[in-house]
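S.K.: Okay, sequence plus prediction incoming.
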Amino acid sequence: MVTEFGIILLYFILGFLFVGIALVMAALIRPSHPNPIKNSTYECGEIPIGEPWIRFNVRFYVIALVFLLFDVEVVFLLPWAIVFKQLGWFAFIEMIIFVVILLVGLAYVWGKGDLDWEKPKPYIAKLEDLVLGKKKQ
Amino acid sequence: MMDLNYITEDLIKSVGQFLPETALIITFLVAMMADILFKRSKHLTGYIAMAGLVIAGFLLYHQTGVNFKGFANMLVIDAFGQFMKYIVLLSSLIIIIFSFYSDELHAAHSRLGEYYTLIIGMTFGMMLLVGSSNLIMIYLAIETMSISSYILAGYTKEVKRASEASLKYVIFGAVSSGIMVYGISIMFGLTGSLNLFDINQYLASHQVDHLPLLISGLLIVAGFGYKISAVPFHFWTPDVYEGAPITITAYLSVASKAAGFAVMLRFFKTTFFGADQLLDGTWHLLGSINWHYVVAALAILTMTLGNLVALWQSNMKRMLAYSSIAHAGYLLMAVSVMNDGGVSAVLIYFFFYMLMNLGAFFVVQLVSNKLHTEDIEAYSGLGYRSPLIGVALTIFLISLTGLPPTAGFIGKLYVFTSVIDAGYYWLAVVGVLNSVVSLYYYVKVIRNMYLRDIESKEDKLVFSPSAIVIVFVLAVPTLIFGMYFTPIVEWANFSMNIFIGN
Amino acid sequence: MEIGLTHYLIISAILFSLGMFGIVARKHAIMVLMGLELVLNAANINFIAFARFGGMNIEGHVAAIFVIILAAAEAAVALAIVLNIYQNFRHVNVDEVDQMRD
């Protein structure tokens, strides 16, 4: 009888075997005719420019964080969905309130211009606006 | 699944008792929408926030005398919580009024809507924290208030000091709440529940290993200790207080401390003490871990370090930061006796502490608006340059020292009385010695204001009349309550019962 | 040998210690935040293990969900603050951010 640690060990062994066998088989079967073009990063012909370790635009970070937050909040929908049938309307209304609060958050992010890739430039009042008393948007 | 109907009923009933918090949530959402819809109006969200706080206070007033456990025993409404919630709401309101006068905030006025919205969010978190009786609820509430306060501490983000303050605040805060949640998980394993009432019942009827219980209790107290800046967890306090905008410094030193003390008292009382309330106000401890001495040790460390380091400070905000650590020590002294007298002393002290500390910070803010510095040297001659403000600051500082005839004296009197009544004479002696030390650094400022010969004496500082009125709205009660304190004491005695019933 | 509660608790204690080590020893703000995530996940493992082996109710699972969500919220704010530190100081080394000293 295998103990539970034994089962884990078996998993490890199987995992290593699987990868090892696949690599060895591939190395045996595939033809090997290297040339400079074949060895380039993108075989399709795209020429790589510069290092991959560049600083990413900070806008990726804003979008990613906004996504992460809303994504994680959705976890709450899971337990709700399980008991939804038994709780009925009450749970439905509760969840609507929850989602509305999230939507207000989304609207806030939108309204603040954080969803736009190009942030809208702040409108700087010109002298003529002040003189004529009208504002162009 | 027959439980579900019961749960639904409980939820519906709880929502009906949850009105002040609901009002704050709605205010939060309205303020957010107003911020994006009416970008031009500078203070609109501020007024919305004030209105929301007043409505929440009004709804809170209607909860007088209610003892209620709701949301599957997650939140409790009782007189103790009500008192602390008043302090939280009142200080939030005062801070919003202060913010209207702050020059440093208005340098970043395009984001001012966020500022007021976050203050409402933080108030909401503190209201939850004061009433929570479930460990996960406590964690959730602490995070709600912390996340708002991290942003507020670095609100003037172009200022290097402010961004440093918020970095230190977020790292220390996140670590201590992480440690706390680990403690919570151990407590959950030991007692099989996250609910303080169930944990209490389990401890009353079972024998629990001492060491894990002590460790998990200490880890949880680390989370509270961070909020009230008790000593081993105080490292963030001076830097954050110095770097954050003055309004936020004042807010952190009063409101978030109030919430921290409230939850700490509730946690100890509900978890580690027998549910059978004795008539003379003593609590009986479950198990053999002596939490009195744990908290007393924290108290001694906290006040001694706070007072001693405050002696060397040359920056007014930093000095007040260490002074607020010292005050946390005095309050912990009253917590450590763990009986009804101690709770009542904490409540009395907190009410007066709110008045005097907010007042002192408001004066610092007004002076820094004019002189653009918080250096104690800059206060030389203030007593002549602006007599009214000088008198008010003197009142606040004397009250912080705890000398008669100010409210601070009454607060300290009750704290020491509760400690002596419980028989901890040594603790009271340490407390008195500390108060004597604190005299030095408070009086140093007063001496600077009046007794220094400097040439700028004639150079008058003119403050707006409304600002002076606000200063005196805080200063006059500080004096009056020093002589006529019966209503506050009666109110605190009425509020000292922490709800334990089942 | 049966895998029981103790093993999970040991794993979580190791994770907690590693996390604390990361928080204390690392200078880079992002690394400190990563250490923090380890601490929170150690607590999560505890919650789930106790709920599974202690024969306890659903509370432990719910607690873990809340911890995950709050960790995400906290990380979001913390990263924003670190970004702001970078804009002000041009680096994010925690122990070199010291404008204020006693």
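M.R.: Here it is on my side, so go on. Numbering: from 1, shown residues only, chains lettered A, B, ... in the order given.
S.K.: So, low pLDDT: which residues of chain A?
M.R.: A:119-137 (pLDDT under 70).
S.K.: From C:A76, how far out is the most centrally placed residue in it?
M.R.: In chain A, the residue lying closest to the centroid (Cα atoms, centre = their mean) is A:A64, at 5.9 Å. Plainly put, A:A64 is 10 Å away from C:A76 if you go by Cβ to Cβ, to the nearest Å. No exception for glycine: its C-beta is placed from N, CA and C like everyone else's.
S.K.: burial measure for A:E4, as a count.
M.R.: 12 (other Cβ atoms under 10 Å in any protein chain shown).
S.K.: Touching, it and A:Y11? I think so.
M.R.: No: using Cβ atoms under 8 Å, A:E4 makes no contact with A:Y11, being 11.0 Å away.
S.K.: Just give me the neighbour total for the nearest residue to C:I58 once chain neighbours are set aside.
M.R.: Spatial nearest neighbour of C:I58, chain neighbours left out: C:A51 (7.3 Å); criterion: Cβ to Cβ, 6 or more residues apart in numbering or on different chains. Using other Cβ under 10 Å, C:A51 is surrounded by 21 other residues.
S.K.: pretty sure C:A51 is touching C:N57, no?
M.R.: Yes: between C:A51 and C:N57 a contact is recorded at 7.4 Å, counting by Cβ under 8 Å.
S.K.: Was I right to think B:Y441 contacts B:M319?
M.R.: Yes: assessed by Cβ under 8 Å, B:Y441 is found in contact with B:M319 at 6.2 Å.
S.K.: Please list the residues of chain B that sit near chain A.
M.R.: Residues of chain B found near chain A (Cβ under 8 Å from any Cβ of the partner chain) are B:1, B:4, B:7-8, B:11-12, B:25, B:29, B:32-33, B:35-37.
S.K.: next one: chain C
M.R.: Residues of chain C found near chain A (Cβ under 8 Å from any Cβ) are C:1-3, C:62, C:65, C:68-69, C:72-73, C:76, C:79-80, C:83.
S.K.: Make a PyMOL selection of whichever of those turn out to be buried.
M.R.: Typed into PyMOL, the line below selects the buried ones among the residues of chain C next to chain A, using 16 or more other Cβ atoms under 10 Å in any protein chain shown:
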select buried, chain C and resi 65+69+72+73+76+79+80+83
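S.K.: Would you format the residues of chain C next to chain A as CSV with distance to B:V254 and secondary structure included?
M.R.: CSV is the format used below for the residues of chain C next to chain A (distance: Cβ to Cβ, whole Å; DSSP: H, G, I helix; E, B strand; the rest coil):
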residue, distance to B:V254, secondary structure
C:M1, 55, coil
C:E2, 54, coil
C:I3, 50, coil
C:V62, 33, helix
C:I65, 33, helix
C:I68, 32, helix
C:I69, 29, helix
C:A72, 30, helix
C:A73, 25, helix
C:A76, 27, helix
C:L79, 29, helix
C:A80, 26, helix
C:L83, 30, helix
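S.K.: Among the residues of chain C next to chain A, which one sits closest to B:S110?
M.R.: C:A80 (17.1 Å; Cβ to Cβ).
S.K.: Which parts of chain B are strands?
M.R.: Taking DSSP state E to define them, one finds strands in chain B at B:68-70, B:75-77.
S.K.: the helices in the stretch 301-450 of chain B, which residues?
M.R.: B:316-337, B:340-371, B:382-385, B:387-401, B:407-421, B:425-450 (DSSP state H, counting those that start in this stretch).
S.K.: sorry, back to before: closest one to chain C among the strands of chain B?
M.R.: strand B:75-77 (14.9 Å; Cβ to the nearest Cβ).
S.K.: Out of the helices of the stretch 301-450 of chain B, which one sits most buried?
M.R.: Each of the helices of the stretch 301-450 of chain B was scored by mean neighbour count; the highest is helix B:316-337, a mean of 27, by mean count of other Cβ atoms under 10 Å in any protein chain shown.
S.K.: what packs against that helix?
M.R.: Other helices and strands packing on helix B:316-337, by 3 or more Cβ pairs under 8 Å, 6 or more residues apart in numbering or on different chains; DSSP states H and E, are helix B:236-243, helix B:246-251, helix B:257-272, helix B:291-310, helix B:340-371, helix B:407-421, helix B:425-450.
S.K.: What angle do helix B:340-371 and that helix make with each other?
M.R.: 180 degrees (axes from the mean of the first three to the mean of the last three Cα atoms, to 10 degrees).
S.K.: check contacts around A:A91.
M.R.: By Cβ atoms under 8 Å, 6 or more residues apart in numbering or on different chains, A:A91 lies in contact with A:80, A:83-84.
S.K.: ranking those by neighbours, who comes first?
M.R.: Within the contacts of A:A91, A:W80 tops the neighbour count with 15 neighbours, counted by other Cβ under 10 Å.
S.K.: correct me, but C:M20 touches C:L36?
M.R.: No: counting by Cβ under 8 Å, C:M20 does not reach C:L36; the two are 9.4 Å apart.
S.K.: Looking at those two, which has the bigger crowd around it?
M.R.: Comparing C:M20 with C:L36 by other Cβ under 10 Å, the one with more neighbours is C:L36, at 25 against 19.
S.K.: ok, B:L358 to chain C distance?
M.R.: In this view, B:L358 and chain C are 23 Å apart by Cβ to the nearest Cβ, to the nearest Å.
S.K.: That residue touches B:L93, doesn't it?
M.R.: No: using Cβ under 8 Å, B:L358 is not in contact with B:L93; the gap is 10.5 Å.
S.K.: ok, which stretches of chain C are strands?
M.R.: Under DSSP E, chain C gives no strands.
S.K.: before we move on, back to that, next, the contact list for the residue nearest to C:I58, please.
M.R.: C:57-61.
S.K.: ok, 7 Å please
M.R.: The contact partners of C:A51, by Cβ atoms under 7 Å, 6 or more residues apart in numbering or on different chains, come to C:59-61.
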